[in-house]
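1. Provided below for reference: sequence and predicted model.
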Amino acid sequence: MTYALLQQSLDQTISRSDLEEASMVAPRVARADCALLQRELFGIVVGKLPHAEASALQAALRARNFSTDIVAESALPVLPVARGAPALKVSPAGVTVVDLYGREQLLAPDQYVFAAAGRVKRLRNVPAREMEWTVQPGPRGSVSRKVEMVKASRLADVLEFRIELFLTGEPYRLQWVLDGESTLRADDVVLQLKHGVQLNHLLARIAALLPVERVNQGIQRAIAGEEFVYPSVRAFEEEIIWRFYRLLAGTAF
């Protein structure tokens with residue numbers, strides 16, 4: 001059985017140097033990983049540890065004023081597979097899902113478990129053009145070399161805007177994703193990433209349908225007018241798992 005260390009509050013912070021020093025007691029936590037772990041503190045500090053290493057790391061972090069809980073990873077919720085939809089509408093009656101054929105299904109608030117949304121960085125292959133030497137045969141066995149621009153791709157962080165709604169029944173997890181190459185139709189209006197104010201207003205209307213403890217900080221910060229971006233999809237999802245665990249355990253955030 002493996003264990004994870006969970007934050008007791010999302011407000012907790014720790015410096016990279018302190019995390020690196022604490023990690024020395026846990027052989028499975030490489031010092032080189034600490035920069036990523038520190039940047040992605042969204043509820044789950046680290047996982048896949050045997051209990052002895054988890055306990056040692058917990059004590060080392062506590063000595064640096066960073067308290068954690070040890071939780072068996074088998075006790076952590078597993079997020080259901082997301083189902084996409086092309087459009088949505090939000091009203092005081094709830095969220096209406098619009099499918100590819102324009103059919104509408106109203107989901108009343110009593111069906112909602114949790115809502116998560118916000119701007120997220122995602123690592124993707126993006127088109128690029130690079131200079132490359134090419135060799136071409138010439139007369140009498142000669143060759144010529146020249147520099148040409150060729151099409152390529154490279155991994156880069158791209159920005160997405162996500163809305164996810166978790167439900168008590170099928171499909172359990174609905175997802176709308178907007179990126180630089182797509183649009184989102186909300187309340188019969190086509191939105192792009194550049195429409196930040198309108199997207200924040202959309203999140204505020206969704207947040208009004210749920211108790212505050214059942215929305216993520218991406219929504220909370222957006223409606224507060226704060227600039228906030230999740231550093232990765234993993235960070236976005238780890239916060240949801242952390243909040244689900246806390247809700248099921250009946251503990252305050």
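-> Alright, I've got the coordinates.

2. avg pLDDT for the host helix or strand of Val46?
-> Secondary structure assignment for Val46, by DSSP states H and E: strand 44-49. Averaged over strand 44-49, pLDDT sits at 97.

3. relative to strand 44-49, how tilted is the next helix or strand after it?
-> Per DSSP H and E, the first helix or strand lying C-terminal to strand 44-49 is helix 51-62. Orientation of helix 51-62 against strand 44-49 (axes from the mean of the first three to the mean of the last three Cα atoms, to 10 degrees) gives an angle of 160 degrees.

4. for helix 51-62, packing partners?
-> Contacting helix 51-62 under the criterion 3 or more Cβ pairs under 8 Å, 6 or more residues apart in numbering; DSSP states H and E are the following elements: strand 3-7, helix 16-22, strand 44-49, strand 68-72. Placement of C-beta: from N, CA and C, glycine included.

5. pull the distance from that helix to the chain's centre.
-> Helix 51-62 sits 26 Å away from the centroid of its parent chain (Cα atoms, centre = their mean, to the nearest Å).

6. then stretch 205-214?
-> 19 Å.

7. got the contact list for it?
-> Stretch 205-214 has contacts (Cβ atoms under 8 Å, 6 or more residues apart in numbering) with 90-92, 94-95, 109, 112-115, 117, 163, 165, 215, 219-220, 223, 243, 247, 253.

8. what do you get for stretch 72-88?
-> Contacts for stretch 72-88 (Cβ under 8 Å, 6+ apart): 1-4, 44, 47-48, 95-100, 163-164, 166, 171-177, 184-187, 237, 240-241, 244-245, 248.

9. 6 Å instead, please
-> 1-4, 47, 95, 97-98, 100, 171-175, 185-186, 241, 244-245 (Cβ atoms under 6 Å, 6 or more residues apart in numbering).

10. can you turn the buried part of those into a ChimeraX selection?
-> The ChimeraX selection below is limited to those of those classed as buried (16 or more other Cβ atoms under 10 Å):
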select :3,4,47,95,97,98,171,173,174,175,185,186,241,244,245
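
11. let's see which of the contacts of stretch 72-88 end up in helices.
-> Mapping the contacts of stretch 72-88 onto helices (DSSP state H) picks out Ile241, Phe244, Tyr245.

12. just put those residues in JSON lines and tack on pLDDT.
-> Formatted as JSON lines, the ones in helices among the contacts of stretch 72-88 follow (pLDDT from 0 to 100):
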{"residue": "Ile241", "pLDDT": "98"}
{"residue": "Phe244", "pLDDT": "96"}
{"residue": "Tyr245", "pLDDT": "96"}
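
13. I'd like these as JSON lines, with distance to Leu37 appended.
-> As requested, the ones in helices among the contacts of stretch 72-88 are exported to JSON lines (distance: Cβ to Cβ, whole Å):
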{"residue": "Ile241", "distance to Leu37": "16"}
{"residue": "Phe244", "distance to Leu37": "21"}
{"residue": "Tyr245", "distance to Leu37": "18"}
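
14. quick one: the strands in the stretch 1-150 of the chain, in order.
-> Taking DSSP state E, counting those that start in this stretch as the test, the strands found in the stretch 1-150 of the chain are 3-7, 44-49, 68-72, 83-84, 87-91, 94-98, 104-107, 112-137, 143-167.

15. so what's the residue count around Ser55?
-> For Ser55, the neighbour count with other Cβ atoms under 10 Å is 16.
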